[in-house]
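J.: My questions concern the predicted model and sequence given below.
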Amino acid sequence: MEVFTKKRRDFGAPVNFSYTEPYLIDSLAPNPELHKLWVERTHRDQQFQTSREMSEHEVNTDRIETISRGIYHKEGGWPKEIDPTESEHVTRYRKKIERDRMYAAALRTLQTTCETIIKQNNAVEINEKYFDSAEESEVQSDESDVPTLKSLTVLRDPNGSPEDHDGRWARKVVWRHEGAQKSRKVAISYCSLDFDKRLSVDIGGYGSHNCSSYIWDITNPNFPEQELSATAPITCLEYHTKDTNLMLGGWYNGMLSLWDTRKGHRPVDTTDIKMSHSDAVLDLKWIKSKSGMECASVGADGRVLWWDVRKFSSPIDTMEVRLPAWALAGRNRPGAKRSSRGSARPGARGAAGTTAAEEKPVAPLLGTMCIDYDSAAGLNKFTIGTETGHICLCNSKGRTPSERISAVFHGQHGAISSLYRSPFYPKFFLTSGDWSVRLFHEEVGTPILASKYAESRVVDCNWSPVRPGVFASAQANGYVDIWDLVRRTTHSVLSTKVSEHALTCCSFDHSGNLLAVGDEKGGLTICEVSKSLSNIGSNEKHAVQSVLDREQKREKNLESRMKESRLGKTTAKVEDSVVADLAKEEEEVERLFLESIVGAHGSL
Amino acid sequence: MDGMMSGEDTVFAVDEITTICKDVVEAQLKAFTYAHSKVTTWTSNVIEESLKKLTALNKPFKYVVSCIIMQKNGAGLHTACSCFWDLGTDGCTTVRWENRSMYCVLTVFGMAL
């Protein structure tokens, strides 16, 4: 606001106004040249549309959650003194009524009402087949040989929406085995292992987080059937091999606990935190023992602990996962690396015992990601996958730490995300990690089969329990691959996108018909695999065995030839020369490759 | 009578105001070529800007600003005005500005309070 001041004496002064001469504001002369440039526009463009304008609007119906409840029907209408369950009373009462005079009249009036209702019921045939063609086509697709995956239902973490940024992973899924029939129950452990989230959990404690995991009935995807509560997020779960009421779980804080599903959601027993793992438990397995109550667990702290679940106060046995001296030496010398494993392993093991006893263990502890135990492979044998990508074959009966690790494979480029022995051929095991899935044989140092590198991380793999050559692998881009070694070994037979989010785990049920796939937002998709992937063909076991044996022999031969050529003992046998040539060729290619790299760097 | 409202403040400073107006018009219109749909905005912008600058001078004056924008199509224009006011203090000034496509004629009348 502008302030204007004027002195009092200036007020009321007479004004002196006068006319001014007309003032020329502006005068522009007409310009004929410019005028010539002036062109009248004869056409003009205008856009319009004749169709009616529509707006697009999307609405989704609300999710309706249903609960099914039973109703108790009781036969009524009987007088007090008559017990309807006693047939003698009933017949006697009936006869008494039928003799009554009013009975016939009452029956006649009721008859008309009854008849109408019965006719109404008959008019609508509930079980009529309306769509013959649809069902036929379904049958046809089932019969066809093309492997397919059909998603049946999605189980969502009840404590988080898919949009929620703090959503928990469905980290591990285990099926309850119910004999030969299709499994209906599945237990999911919800726990994020994301580094960022880990950090926030570490700082804030678990107080604000819901740590419960759930057991679901897959026919009811709305509500979990049972809760498994814990005071720290549950990283892994495992059903007892015989008694499916017992559930073993590993916690994020290193503890283990046992639930009995008959005794509510609280754990029956938990391990003493001082005796437990000092970091998250990452995998656990039940062990075949006399009592059937023993289990082994591995954790990020690099230890394997054996427990008796009836006595959780302290572990039965402990093992630290360190690479033995020979494995360390082997890693430094690529030539000796192969010789220290494979066929020469027993000797190496003996030598390792002496060296390790003399030297102090310098090898660092290796965080363990997964453990596999199969009594068919050996009662005391364990297979352990580490964060560094090593696979250790272990024997729990060894006395010194170095005796316990009987072989080390360099499995993957990164952490081994999962490791499973084949349920049909216990000497073969499947690993997933980095971007590939690999198949190993116990006695061969290099993978006998390795998949091509996928576009995304492979986070889990799992054997089909019914088809010897079938396994599934889950990737971080949401795709699930299914492999069938009978059909082909180079590519998966099926690759399907199951979730929008990164996957975390996959698991076949015990009938091999269903595949459960978990993702990072807590969703678990139950898929049905086609008949061609779940029905075992005749002679298939033998066929897969021959494929595996062939690959194993090839790898073994290559290995021994390489060794011989390195030692300079190449014999001039006709069949050997081919392999030796191959080795030379390989070296030549490698040399050229290195040169090209050096060249490229030089030019840069 | 002239002596009554003496002092620099109360006289319509033609030169100063002309430069101000010239700057305003230049700044507002320099970048444009004539477009009929924009003229309304341009005129109001020019008027508002120049009034703002004039009031910022903080002088006891009433102002009238008028603006003409005309397309350069060879047509002639003649415009004039006459006033009845205090010749000693009041005054008016005109700025004519042009570019390739248009003329802008800005007239400012200033009357002392």
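T.: Yes, it's here. Remember, predicted model here, so these are calculated numbers, not experimental data.
J.: hey, let's count contacts and neighbours off CA atoms from now on
T.: OK.
J.: average pLDDT for stretch B:49-69?
T.: For stretch B:49-69, mean pLDDT is 91.
J.: got it, and stretch A:239-259?
T.: Stretch A:239-259 carries an average pLDDT of 88.
J.: End to end on that stretch, go ahead and measure it.
T.: 10 Å (CA to CA, to the nearest Å).
J.: Over to the one residue sitting closest to the centre of chain A: give its phi and psi.
T.: Nearest to the mean C-alpha position of chain A, by CA atoms, centre = their mean, lies A:Cys505 at 1.3 Å. When read as degrees, to the nearest 10, the backbone of A:Cys505 gives phi -160, psi 160.
J.: for the stretch 151-300 of chain A, which spans come out with low pLDDT?
T.: Counting by pLDDT under 70, the stretch 151-300 of chain A contains low-confidence residues at A:160-166, A:179-181, A:194-209.
J.: mind listing the strands for it?
T.: Assigned by DSSP state E, counting those that start in this stretch, the strands in the stretch 151-300 of chain A fall at A:170-175, A:185-190, A:213-217, A:226-228, A:234-239, A:246-251, A:256-260, A:269-270, A:281-287, A:294-299.
J.: Relative to A:Lys381, which of the ones you listed is closest?
T.: Closest to A:Lys381 of the strands of the stretch 151-300 of chain A, according to CA to CA: strand A:281-287, at 10.2 Å.
J.: elements contacting the closest one?
T.: Contacts defined by 3 or more CA pairs under 8 Å, 6 or more residues apart in numbering or on different chains; DSSP states H and E place strand A:281-287 against strand A:234-239, strand A:246-251, strand A:294-299, strand A:368-373.
J.: Recalculate using a threshold of 7 Å.
T.: Judged by 3 or more CA pairs under 7 Å, 6 or more residues apart in numbering or on different chains; DSSP states H and E, strand A:281-287 is in contact with strand A:234-239, strand A:294-299, strand A:368-373.
J.: Need the residues that contact that strand.
T.: Strand A:281-287 has contacts (CA atoms under 7 Å, 6 or more residues apart in numbering or on different chains) with A:235-236, A:238, A:240-241, A:250-252, A:254, A:294-300, A:369-371, A:373.
J.: what pairs with that strand, and is each one parallel or antiparallel?
T.: Applying DSSP bridges, strand A:281-287 is found paired with strand A:294-299 (antiparallel).
J.: measure stretch A:287-307 end to end?
T.: OK, stretch A:287-307 end separation, CA to CA: 10 Å.
J.: Which residues belonging to that stretch are considered buried?
T.: Across stretch A:287-307, burial judged by 16 or more other CA atoms under 10 Å in any protein chain shown covers A:287-288, A:293-307.
J.: Please apply the same query to stretch A:537-553.
T.: A:Lys541, A:Ala543, A:Val544, A:Gln545, A:Leu548, A:Glu551, A:Gln552.
J.: Surely the first one is in contact with A:Pro468?
T.: Yes. Using CA atoms under 7 Å, A:Lys541 makes contact with A:Pro468 at a distance of 6.1 Å.
J.: interface residues of chain B facing chain A?
T.: For chain B, the contact set with chain A under CA under 7 Å from any CA of the partner chain comprises B:60, B:73-87, B:94.
J.: Now the buried members of those residues.
T.: Of the residues of chain B next to chain A, these count as buried by 16+ other CA under 10 Å: B:Pro60, B:Asn73, B:Gly74, B:Cys83, B:Trp85, B:Asp86, B:Leu87, B:Thr94.
J.: Looking at the fifth one now. What's its pLDDT?
T.: The pLDDT attached to B:Trp85 in the predicted structure is 90.
J.: what's across from it in the sheet?
T.: As for beta bridges, B:Trp85 partners with A:Ser18 under DSSP bridges.
J.: Quick check: it vs B:Leu113, distance?
T.: Here the distance between B:Trp85 and B:Leu113 works out to 11 Å (CA to CA).
J.: Equivalent analysis for the last one, please.
T.: Here B:Thr94 is placed at a distance of 21 Å from B:Leu113 (CA to CA).
J.: which regions of chain B lie under the pLDDT threshold?
T.: Per-residue confidence for chain B (pLDDT under 70) gives these ranges: B:1-9.
J.: Also chain A?
T.: Short version for chain A, where the test is pLDDT under 70: A:1-2, A:125-127, A:132-144, A:160-166, A:179-181, A:194-209, A:329-362, A:568-580, A:598-604.
J.: Write out the residues of it neighbouring chain B.
T.: A:4, A:16-35, A:38.
J.: Any of the residues you listed buried? List them.
T.: A:Ile25, A:Asp26.
J.: need the helices for the stretch 451-600 of chain A, in chain order.
T.: For the stretch 451-600 of chain A, helices defined by DSSP state H, counting those that start in this stretch occupy the ranges A:531-534, A:540-567, A:574-603.
J.: Give me whichever of the ones you listed is most buried.
T.: Mean neighbour count (mean count of other CA atoms under 10 Å in any protein chain shown) peaks for helix A:531-534 among the helices of the stretch 451-600 of chain A, with a mean of 20.
J.: Convert that helix to PDB, retaining C-alpha atoms only.
T.: Output of helix A:531-534 as PDB, limited to C-alpha atoms (Å, rounded to 0.1, in the frame of the first residue of the first chain):
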ATOM      1  CA  LYS A 531       0.300 -85.000 -16.600                       C
ATOM      2  CA  SER A 532       3.300 -85.300 -18.900                       C
ATOM      3  CA  LEU A 533       5.500 -83.900 -16.100                       C
ATOM      4  CA  SER A 534       4.000 -85.900 -13.300                       C
END
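J.: Residues in contact with it: which ones?
T.: A:Asp142, A:Asp145, A:Pro147, A:Val466, A:Arg467, A:Gly512, A:Asn513.
J.: Can you turn the buried part of those into a PyMOL selection?
T.: Listed next is the PyMOL selection for buried residues among these, using 16+ other CA under 10 Å:
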select buried, chain A and resi 147+466+467+512+513
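J.: Mind telling me what element A:Trp78 is part of?
T.: For A:Trp78, there is no helix or strand it lies in under DSSP states H and E.
J.: If you count neighbours, what's buried in the longest helix seen in chain B?
T.: If you go by DSSP state H, chain B has its longest helix at helix B:36-56. Buried residues in helix B:36-56, defined by neighbour count with 16+ other CA under 10 Å: B:Trp42, B:Thr43, B:Asn45, B:Val46, B:Ile47, B:Glu49, B:Ser50, B:Leu51, B:Leu54.
J.: that older thread, tabulate the contacts of helix A:531-534 (CSV), appending distance to A:Lys96.
T.: What follows is these, written out as CSV (distance: CA to CA, whole Å):
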residue, distance to A:Lys96
A:Asp142, 61
A:Asp145, 68
A:Pro147, 68
A:Val466, 64
A:Arg467, 67
A:Gly512, 61
A:Asn513, 59
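J.: of all the contacts of helix A:531-534, which comes closest to chain B?
T.: The shortest approach to chain B among the contacts of helix A:531-534 belongs to A:Pro147, at 65.5 Å (CA to the nearest CA).
J.: Which strands or helices does the helix or strand containing B:Thr79 pack on?
T.: Taking DSSP H and E as the criterion, B:Thr79 maps to strand B:77-81. Counting contacts by 3+ CA pairs under 7 Å, 6+ apart, strand B:77-81 packs against strand A:23-28.
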